[in-house]
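Engineer: how does the following fold in three dimensions:
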Amino acid sequence: MDQVKEFIKPELIILIPVIYFIGVGMKNTKKIKDEYIPVLLGVCGVFLASLWVIATCNVITYRDIIMALFTAITQGILVCAGSVYINQVIKQANKDK
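Structural biologist: Numbers count the residues shown, from 1 in each chain. This is a model prediction of the structure:
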């Protein structure tokens, strides 16, 4: 868990289960093809991380804007990756042996 905190901001770790449940909802609708779900979850992760970045940082200069964009994109991708990882762990644990 300490390694996760090194890369993902502690405030954003809550997005991992949120994105997982969004993915479960997408899967259950059967309207979205499975191959698109990880991409859509990535977009959701970046969007939610962007909301957090916008709410918590002061953007004054163009450098601040670039840093905010970089933070939002990387954090969004990381929380999405964590969510997809959890999904795969659950699938492997439930696999027939």
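Engineer: helices of the protein, residue ranges please.
Structural biologist: 2-7, 15-29, 37-56, 62-93 (DSSP state H).
Engineer: weakest of the ones you listed in terms of mean pLDDT?
Structural biologist: Looking over these, mean pLDDT reaches its minimum on helix 2-7, with a mean of 72.
Engineer: returning to that earlier point: and the helices of the chain as CSV, adding mean neighbour count?
Structural biologist: For every residue, glycine as well, the C-beta is placed using N, CA and C. As requested, the helices of the chain are exported to CSV (neighbours: other Cβ atoms under 10 Å):
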stretch, mean neighbour count
helix 2-7, 9
helix 15-29, 16
helix 37-56, 17
helix 62-93, 16
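Engineer: OK, contacts around E11?
Structural biologist: Neighbouring residues of E11 by Cβ atoms under 8 Å, 6 or more residues apart in numbering: 52, 56.
Engineer: please repeat the previous calculation with a cut-off of 7 Å.
Structural biologist: When contacts are counted by Cβ atoms under 7 Å, 6 or more residues apart in numbering, E11 touches W52.
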